[in-house]
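>>> Okay, here's the prediction I keep looking at, along with the sequence it came from:
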Amino acid sequence: MRTQVGIIGAGPAGLLLAQMLHQRGIDSVVLEARSRAHVEGRIRAGLLEQGSVETLSEAGVADRLHREALVHRGLHLRFGGRDHRIDLSGLTGGKVVTIYGQQEAVKDMIAIRLAAGLPLLFEAAGVALHDLATARPRVTFRHDGRDQALDCDVIAGCDGFHGVSRASIPGGELRLFDRVYPFAWLGILARARPMAEELIYARHTRGFALATMRSTSISRLYLQCAPGEDLAQWSDARIWSELRTRLGARDGELEDGPILQKGVTAMHSFIAEPMRHGRLFLAGDAAHIVPPTGAKGMNLAIADVRVLVRALEAFFAGRGEALMDSYSATCLDRVWKVQRFSWWMTQLLHRYDGQDDFEEHIRIAELDYLAGSVAAQTTLAENYVGLPLG
Ligand code: FAD
Ligand code: DHB
């Protein structure tokens, strides 16, 4: 098999890249290790920056998103028994964020690709990358019971944090930056009316909590917990009670309902530099991970893809490799800023066991400052709705 771009992974990065290349007349083959049902059922992020929605719209994959998604113009911070609304739109010249489940965006992109009869192979086993430093990189894999090879001009490693692409880059070529946080998130999806029309981020002495949603009848709620938290210790009643306490829910403000899914998400900051080796380009979680506070993971993946599409478009149009050469630096410039924001929101809102009183007071002072300063709120808002896209 032969293609222009071999894409490893059918997450948001790989699927969006395939679609945007198709719009520009560039062929690709997407190889995904898991089944379609698995990929479509994975519950993850849900908040899109304004620029991400614009990118999905331009890619022609946002029709259902525009019909079903919820548009938010603000968010709430709760701490010390008080609620403060941040007017995201008012502080950013009218920008908004959009609630739409990652797996819904993934389902939309899979349906569009398959309906167009374009190659997307699920359950591709043993994917291995070869000859990355040459102009003819190759992917080998097993599919439909047969060993196969895919000859490419370029390979896009969109296979997430645990994928094979980053691991195929020779040791010593990558510089890795890593931070593991001493807590995790217990997340639930519940058939319950959302607590409020907008998101509530709460800092409480018992730990962080977040009330978000997927629709007007489905809530997504998170509680700070220990990294190795045992879900068996968390009955539904205990989860709802803890959410009410930490979110400072007034009577009737947080209705419970059947819990549809429960899971623990680790908190990690990670960056691999550069995001390129020869003809292999990394995009999304394959190159970087942010802690979930602020919901930047999927948005960063979309931002990388925009930069990569521009570089590949120029390359295949015969306009040279300059944009491929600057791909990594262009992406990393934004990645580090988003990494900083995710780290900042995480450390500000979480409880650190064993921290000294000084740090605790500094965090409370920073939150108080935020609640009272338009300048500080503007900084939060401009990062939250999304920094400018390249
Ligand atoms: P992925 O979505 O990870 O896609 C990579 C794809 O590659 C997967 O389909 C995988 O099966 C496939 N793959 C892996 N290895 C191979 C291989 N060897 N061969 C072929 N295919 C392979 N972000 C937020 O903003 N908010 C959240 O609440 C949030 N929650 C999260 C919860 C979890 C459990 C996880 C893991 C992530 C969460 N994220 C969240 C982050 C966000 O979902 C990611 O940033 C986003 O999925 C990145 O997209 P991606 O396409 O780069 O990678
Ligand atoms: C969601 C997740 C986040 O981490 C966040 O900061 C906001 C929203 C969500 O899953 O909807």
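Thanks, I have it. Ligands and ions are numbered 1, 2, ... in the order given.
>>> per the record, what domains does the protein have?
The record's domain parsing of the chain by automatic domain parsing lists 5-73+95-178+268-348, 181-267+352-384.
>>> Kindly check the end-to-end length of the last one for me.
Read it as domain 181-267+352-384. Distance across domain 181-267+352-384, first residue to last, is 21 Å (CA to CA, to the nearest Å).
>>> Next one: that domain, is it in contact with ligand 2?
Yes: counting by CB under 6 Å from any ligand atom, ligand 2 is contacted by domain 181-267+352-384 at Leu199, Leu210, Thr212, Arg220. Just so you know, the C-beta spots here come from the backbone N, C-alpha and C atoms, and that holds for glycine as well.
>>> Output those residues as TSV; include the columns pLDDT.
Formatted as TSV, the residues of domain 181-267+352-384 next to ligand 2 follow (pLDDT from 0 to 100):
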residue	pLDDT
Leu199	98
Leu210	98
Thr212	98
Arg220	97
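>>> So among those, which ones count as buried?
For the residues of domain 181-267+352-384 next to ligand 2, a burial check counting by 16 or more other CB atoms under 10 Å picks out Leu199, Leu210, Thr212, Arg220.
>>> of the residues you listed, closest to ligand 2?
When these are ranked by distance to ligand 2 (CB to the nearest ligand atom), Thr212 comes first, at 3.6 Å.
>>> Roughly how far does that closest one sit from Ala116?
To Ala116, Thr212 is 33 Å away according to CB to CB, to the nearest Å.
>>> the strands in the stretch 1-150 of the chain, which residues?
Shown for the stretch 1-150 of the chain, the strands assigned by DSSP state E, counting those that start in this stretch span residues 5-8, 28-31, 47-48, 70-72, 75-79, 82-86, 97-99, 120-121, 125-130, 138-143, 146-151.
>>> Among those, which comes closest to Ala381?
Closest approach to Ala381 among these (CB to CB): strand 82-86, 6.0 Å.
>>> what is the mean pLDDT for that closest one?
The pLDDT scores in strand 82-86 average 97.
>>> Same question for stretch 62-78.
The average pLDDT within stretch 62-78 is 98.
>>> Tell me if that stretch is near ligand 2.
No: applying CB under 6 Å from any ligand atom, one finds stretch 62-78 separated from ligand 2 by no less than 8.5 Å.
>>> Would you mark the buried spots in that stretch?
The neighbour-count check on stretch 62-78 (16+ other CB under 10 Å) flags Ala62, Leu65, Ala69, Leu70, His72, Arg73, Gly74, Leu75, His76, Leu77, Arg78 as buried.
>>> Stretch 34-46 too?
Buried residues in stretch 34-46, counted by 16+ other CB under 10 Å: Arg34, Arg36, Val39, Ile43, Arg44, Ala45, Gly46.
>>> Where strands are concerned, which of the buried ones among the residues of domain 181-267+352-384 next to ligand 2 count?
Among these, DSSP state E puts Leu199, Leu210, Thr212, Arg220 in strands.
>>> Could I get the contacting residues of the closest residue in space to the last one that isn't next to it in sequence?
With sequence-adjacent residues excluded and distances taken as CB to CB, 6 or more residues apart in numbering, Arg220 is closest to Thr212, at 4.7 Å. Under the criterion of CB atoms under 8 Å, 6 or more residues apart in numbering, the contact list for Thr212 reads Gly46, Leu47, Ile99, Pro194, Leu199, Ser219, Arg220, Leu221, Tyr222.
>>> just Val61 next, same as before
Leu16, Gln19, Ala105, Asp108, Met109, Ile112.
>>> tell me which parts of the stretch 201-350 of the chain are close to ligand 1?
Within reach of ligand 1 by CB under 6 Å from any ligand atom, the stretch 201-350 of the chain has these residues: Thr265, Gly284, Asp285, Pro292, Ala295, Lys296, Gly297, Met298, Ala301.
>>> Filter the residues you listed down to the buried ones.
In those, burial by neighbour count holds for Gly284, Asp285, Pro292, Ala295, Lys296, Gly297, Met298, Ala301, counting by 16+ other CB under 10 Å.
>>> which of these lies closest to Trp240?
Nearest to Trp240 among these is Pro292, at 21.0 Å by CB to CB.
>>> coming back round to it: so which of the domains of the chain is the most packed in?
Highest mean neighbour count among those (mean count of other CB atoms under 10 Å): domain 5-73+95-178+268-348, with a mean of 19.
>>> Just checking the distance from that domain to the centre of its chain.
Its chain's C-alpha centre and that of domain 5-73+95-178+268-348 lie 10 Å apart, by CA atoms, centre = their mean, to the nearest Å.
>>> repeat for stretch 238-254
The chain centre lies 27 Å from the centre of stretch 238-254; the measure is CA atoms, centre = their mean.
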